[in-house]
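Engineer: Fold the stuff below for me.
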Amino acid sequence: MAAGAIVNKLYCSASQVVLTVRKRPHVVNGGGFVVTDCSQKIIFRLDGCGTLGTKGELILRGADGEFLLLIRKKGSMFEALGIHRQWKGYKVDDEGAEKLVFSLKEPNSFLVKNIKVNVGHKRCNIKDWDFEIRGSFPDKSCAIVDSSGKTVAQVGVRKEAQMMMVSKDLYQVVVQPGFDQAFLCGVIAVLDNIYEESTHC
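Structural biologist: Sure, this is the predicted structure:
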């Protein structure tokens, strides 16, 4: 899967982009997070279940509040056993029709380091995944790589956050040229919820 528009080409930059993710406490606006660029301009807002009132549902919006992604957790008859839980991200058109953008299978253990992400319904390469999260998201030390092994984004702790010891509330994401930032933030929203951070209720 080559880098390019997955959610919207407006969020694909010709140059490398450094985004800052700042979590909102549950007591402020119901949790979730905001994503800013290097000039502190808000690019995305993520509403978690504290805002929506619906567990297992997240909404990614653009800077002006425009709807970008509806993300839902899908369980199965085996969910009680901690397996086969899957997250799916959808674009929704003006008539309310949902189009699948990506799916991510929730790991059955926090010890699992690599998480696979599929884009859309169809398989377009030999591997059974399009992107993979490698490393530790809770430690804010992970990379998102495509099926060819190329790193398309890197999650890390900002230096000022390390100094203030608030690394779980402030971190940065370095996005490579051409990669869809909205898709990336949708994936980060799911990881945030899986690991019971700002969007989890």
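
Engineer: What segments of the chain are strands?
Structural biologist: In the chain, the segments counted as strands under DSSP state E are 17-23, 33-36, 42-47, 57-62, 67-74, 86-92, 98-105, 115-119, 131-136, 141-146, 151-157, 170-175.

Engineer: What score does residue 196 have for pLDDT?
Structural biologist: For residue 196, the pLDDT comes out at 83.

Engineer: State the distance from it to residue 187.
Structural biologist: Separation of residue 196 from residue 187 (CB to CB, to the nearest Å) stands at 17 Å. Where C-beta positions appear, they are placed from N, C-alpha and C, glycine not excepted.

Engineer: repeat for residue 152
Structural biologist: Here residue 152 is placed at a distance of 11 Å from residue 187 (CB to CB).

Engineer: Neighbour count for residue 196 and residue 187, which is higher?
Structural biologist: residue 187 (23 against 11; other CB atoms under 10 Å).

Engineer: dump the residue contacts of that one.
Structural biologist: Contacts here follow CB atoms under 8 Å, 6 or more residues apart in numbering; on that basis residue 187 touches 89, 102, 104, 117, 131, 133, 144.

Engineer: One more pass at 7 Å, please.
Structural biologist: Listed by CB atoms under 7 Å, 6 or more residues apart in numbering, the contact set of residue 187 reads 104, 117, 144.
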